[in-house]
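Chemist: My questions concern the predicted model and sequence given below.
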Amino acid sequence: MENPYKYVRICAWGGPILLIVTIIFWGILGRNIPPYSAGLSAAEFKAQFAPVADQIRVGMTVTIACSVLYFVWGLAITKVMEKVERHNNVLSTLQLWGAGFTTLIFVIPCGIWLTATFRADTLEPGTLQILFDLGWMIFDLAYSLTTLQMVALGVCFLSDRRQVPLFPAWVSWFSIWVGVMFVIEALNPFFKTGPFSRSGTVNYWLEFSIFFLFMAIISVYLFKAIDRLVREEAP
Amino acid sequence: MHGQPGAGNLRERDRTLPGDPGVFFFITADMAMFAVFFLLFMVGQFQDPEGYRASRAALDPVLGLTNTLILVFSGWWMVRAVEAGREGDWRRARTRVLAAMLFGSAFALTKGYEYYAKVSAGITLTSSEFFGYYFAFTGIHFLHFVLGIGVLAVTAGKLTKPEGTKTLVWLESTAAYWHMVDLLWMVLFPMLYLAGGTA
């Protein structure tokens, strides 16, 4: 018997698993809750960073390895989006590419932070700090790749013509809103301290909270949608 | 029973929010984000009233007021567009949406001039905490304004081929968003240009 949703549910687990991995390995072990302030001097930064470099190294090594789960999760979303699309598969394709590129936004910065930990003892404080800055610049400023995913997802599910749509309208709007709000990350390069700096109230606490919330909420409704589609299409 | 397609739902819908409820979710979330901004600014001003006053002296409240009037006038055209839409007069609704767009676009000119004048005078978003907030808040607001102009253009396009209630919901949703853009400015203007005074 054919099951069009074989593997889809497994792929959907990629999101929640990556969310937990990110919080534990990138956040807690990686010392990114919140990240080191851009307002620190190079010497201050090295004094704080070098003693915990081994711990951060473990965090980044695991985060890089698991980053691919974001793309895997994105594929599960795309399979559900395809059931809503009527004219063509543009939105589900954009969503998938957005998720795929977001994977790289985990991989590349984590690789740079990992490099910073590699010779943390012997590197000049300024060099060490610039590596850390470089990772954060890419991580925060490449937001449009994720915005692409969020907006494509939202627009697609808003066009769902079912009596009860697969994703509730508020979830679609939330997704679009988070995508739009990511634009605030563009302020990052202009501030070393304050709410719009990389460790600030808005650009870190608010933006990362809504991103993690996005992953959690979309995952919940993704599982519900898959269950429903499986039921609807059961022979 | 009713002249206009979908008009039967109108009376029912009068008791609820105009437009699409999902759009109101977006608007509420957006205004919550701005509420956080306003709070941050108030805290900053409370901690450094002198610094904020000194920076504020470089802002031109007449330009701020002009921007307010532009947005309110544009918003008024949008109100009238919704009125026309509810009466099923789609052609008039379209003309009024275009008027809202045309008058609203003036905001880009005055704001652009204001940014240009500030940057020419050497004032940027790194000049002081006050100007950091000024450029960040008005910049994010400006982005909402640009999105709004885009949505108004799409709405004007949809009004050439109206589809009854569906188009009315779209028109009302657009109007709600556009009012949010002027509502946010109506808080930004007194907060940045007036409150707390100048040095």
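Modeler: Great, that's in hand. Numbers count the residues shown, from 1 in each chain, chains lettered A, B, ... in the order given.
Chemist: pretty sure residue B:145 is in contact with residue B:182, am I right?
Modeler: No: Residue B:145 is not in contact with residue B:182 according to Cβ atoms under 8 Å; the separation is 9.2 Å. (Glycine included, C-beta is placed from N, CA and C.)
Chemist: What residue, apart from its backbone neighbours, is nearest residue A:115 spatially?
Modeler: Once flanking residues are discounted, residue A:115 sits nearest to residue A:131: 6.0 Å by Cβ to Cβ, 6 or more residues apart in numbering or on different chains.
Chemist: For the strand or helix carrying the one you found, which residues meet the burial criterion?
Modeler: Using DSSP states H and E, residue A:131 sits within helix A:125-141. Residues A:125, A:128-137, A:139-140 are the ones in helix A:125-141 that count as buried (16 or more other Cβ atoms under 10 Å in any protein chain shown).
Chemist: In chain B, what residue comes closest to chain A?
Modeler: Closest residue of chain B to chain A, Cβ to the nearest Cβ: residue B:22 (3.5 Å).
Chemist: Now do the buried residues in whatever helix or strand that residue lives in.
Modeler: Using DSSP H and E, residue B:22 sits within helix B:21-47. Buried residues in helix B:21-47, counted by 16+ other Cβ under 10 Å: B:22-27, B:29-30, B:33-34, B:37-38, B:40-41, B:44-45.
Chemist: Contacts only, for the residue nearest to residue B:22 when sequence neighbours are not counted.
Modeler: Residue nearest to residue B:22 in three dimensions, not counting chain neighbours: residue A:169, with 3.5 Å by Cβ to Cβ, 6+ apart. By Cβ atoms under 8 Å, 6 or more residues apart in numbering or on different chains, the contact list for residue A:169 reads A:158, B:20-22, B:25.
Chemist: please redo it, this time with the cut-off set to 10 Å
Modeler: Going by Cβ atoms under 10 Å, 6 or more residues apart in numbering or on different chains, residue A:169 touches A:154, A:157-158, A:160, B:20-23, B:25-26.
Chemist: average pLDDT across the lengthiest helix in chain A?
Modeler: Identified as the longest helix of chain A according to DSSP state H is helix A:90-118. Averaged over helix A:90-118, pLDDT sits at 97.
Chemist: can you count the residues close to the residue nearest to residue A:176 when sequence neighbours are not counted?
Modeler: In space, and not counting its chain neighbours, residue A:176 is closest to residue A:154: 3.7 Å by Cβ to Cβ, 6+ apart. For residue A:154, the neighbour count with other Cβ atoms under 10 Å in any protein chain shown is 27.
Chemist: same thing with the one 4 residues further on?
Modeler: The local packing count at residue A:158 equals 18, with neighbours defined by other Cβ under 10 Å.
Chemist: Quick check: residue A:7 touching residue A:79?
Modeler: Yes: if you go by Cβ atoms under 10 Å, residue A:7 and residue A:79 touch, sitting 8.9 Å apart.
Chemist: okay, those two: which has more neighbours?
Modeler: residue A:79 (21 against 12).
Chemist: mind checking the SS state of the more buried one?
Modeler: Here residue A:79 takes the helix state, with states given by DSSP: H, G, I helix; E, B strand; the rest coil.
Chemist: Next one: it relative to residue A:2, how far apart?
Modeler: Counting by Cβ to Cβ, to the nearest Å, the separation of residue A:79 from residue A:2 is 15 Å.
Chemist: Run through the helices of the chain in chain order.
Modeler: No chain in the question, so chain A it is. Secondary structure of chain A, counting by DSSP H: helices at A:8-12, A:14-21, A:42-49, A:53-66, A:68-81, A:90-118, A:125-141, A:143-158, A:169-181, A:207-232.
Chemist: actually it's chain B I care about, not the one you picked
Modeler: Under DSSP H, chain B gives helices at B:8-14, B:21-47, B:49-56, B:61-86, B:90-120, B:129-160, B:165-189.
Chemist: Return the most buried member of those.
Modeler: helix B:165-189 (a mean of 21; mean count of other Cβ atoms under 10 Å in any protein chain shown).
Chemist: Quickly check: that one near chain A or not.
Modeler: No: Helix B:165-189 is not in contact with chain A by Cβ under 10 Å from any Cβ of the partner chain; minimum separation 10.7 Å.
Chemist: Give the other helices and strands that that helix contacts.
Modeler: Other helices and strands packing on helix B:165-189, by 3 or more Cβ pairs under 10 Å, 6 or more residues apart in numbering or on different chains; DSSP states H and E, are helix B:8-14, helix B:21-47, helix B:61-86, helix B:90-120, helix B:129-160.
Chemist: Tabulate those (JSON lines), appending distance to residue B:54 and mean pLDDT.
Modeler: What follows is the helices and strands packed on helix B:165-189, written out as JSON lines (distance: least, Cβ to Cβ, whole Å; pLDDT from 0 to 100):
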{"stretch": "helix B:8-14", "distance to residue B:54": "50", "mean pLDDT": "50"}
{"stretch": "helix B:21-47", "distance to residue B:54": "12", "mean pLDDT": "92"}
{"stretch": "helix B:61-86", "distance to residue B:54": "15", "mean pLDDT": "95"}
{"stretch": "helix B:90-120", "distance to residue B:54": "15", "mean pLDDT": "95"}
{"stretch": "helix B:129-160", "distance to residue B:54": "8", "mean pLDDT": "95"}
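Chemist: who's in contact with residue 108?
Modeler: I went with chain A, as the question did not name one. Contact partners of residue A:108, counting by Cβ under 10 Å, 6+ apart, are A:64, A:67, A:134-135, A:138-139, A:142.
Chemist: wrong chain, I was asking about chain B
Modeler: So residue B:108 contacts B:70, B:142, B:145-146, B:149 (Cβ under 10 Å, 6+ apart).
Chemist: Let me have these in JSON lines, adding distance to chain A as columns.
Modeler: Formatted as JSON lines, the contacts of residue B:108 follow (distance: Cβ to the nearest Cβ, whole Å):
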{"residue": "B:70", "distance to chain A": "23"}
{"residue": "B:142", "distance to chain A": "11"}
{"residue": "B:145", "distance to chain A": "13"}
{"residue": "B:146", "distance to chain A": "11"}
{"residue": "B:149", "distance to chain A": "15"}
